[in-house]
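Trainee: pasted the sequence and its predicted model underneath.
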Amino acid sequence: MARGINKVILLGHLGRDPDVKYMPNGNPVANMTIATSEHWKDRNSGQPQERTEWHRLVIFGKLADIAGQYLRKGSLIYIEGQLQTRKWTDSTGQDRYTTEIVVNTLQMLDRKGAAFGENGDYETNQDLPKTQTPKAIAAEQKALTSHDINALMNEDFDAPDSDIPL
């Protein structure tokens, strides 16, 4: 029987700075949003049109630390990952669901591989690891309990109302 494929590839701009938190076992988890846009001309009016989609990203391990250190709102990134849907119960007892992309490949595309440093200067990051193997991601996720993950990530998803960073 054939297996399914669950692969997501996105190129876009971050909607906010990465939110890096640490699990009780010390493993980092970064949450981010990325905007992707589609452009076309309206057939009737000839006017340019644009539609922006917002996507939730979650990154585990060393790659999460790197994202927190080098990425900022508006950063242009390329990611590969897998779709994952989580379920949790909110404080009112309602079941809630969220679908996010678990990132296993990240490339920073601003200024030829440079990342924005804390002091305002750009620093090269070519020696930084950009990917984690699926095996490493699976091992980190298994080390985290579903309670730990839900406690850190059960926030409502709100796309930024202002400043689409494109």
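Mentor: Alright, I've got the coordinates.
Trainee: what is the burial count for the nearest residue to residue 22 once chain neighbours are set aside?
Mentor: Nearest residue to residue 22 in three dimensions, chain neighbours excluded: residue 28, at 5.5 Å (CB to CB, 6 or more residues apart in numbering). For glycine as for every other residue, the C-beta is placed from the backbone atoms N, C-alpha and C. By the criterion of other CB atoms under 10 Å, residue 28 has 19 neighbours.
Trainee: do residue 5 as well
Mentor: 6.
Trainee: do the same with residue 89
Mentor: 11.
Trainee: bridged to it, which residues?
Mentor: Beta-bridge pairing for residue 89 (DSSP bridges): residue 95.
Trainee: so where's the chain uncertain?
Mentor: 1, 111-166 (pLDDT under 70).
Trainee: sketch out the helices for it, chain order is fine.
Mentor: Applying DSSP state H to the chain gives helices spanning 62-70, 134-143, 146-153.
Trainee: coming back round to it: OK, contacts around the residue nearest to residue 22?
Mentor: 20, 21, 22, 60, 61, 62, 64, 65, 68 (CB atoms under 8 Å, 6 or more residues apart in numbering).
Trainee: quick check: the farthest pair among the residues you listed?
Mentor: The span of the contacts of residue 28, defined through CB to CB, is set by 21 and 62 at 14.9 Å.
Trainee: re earlier: of the contacts of residue 28, buried ones?
Mentor: Applying 16 or more other CB atoms under 10 Å to the contacts of residue 28, the neighbour count classes 20, 60, 61, 64, 65, 68 as buried.
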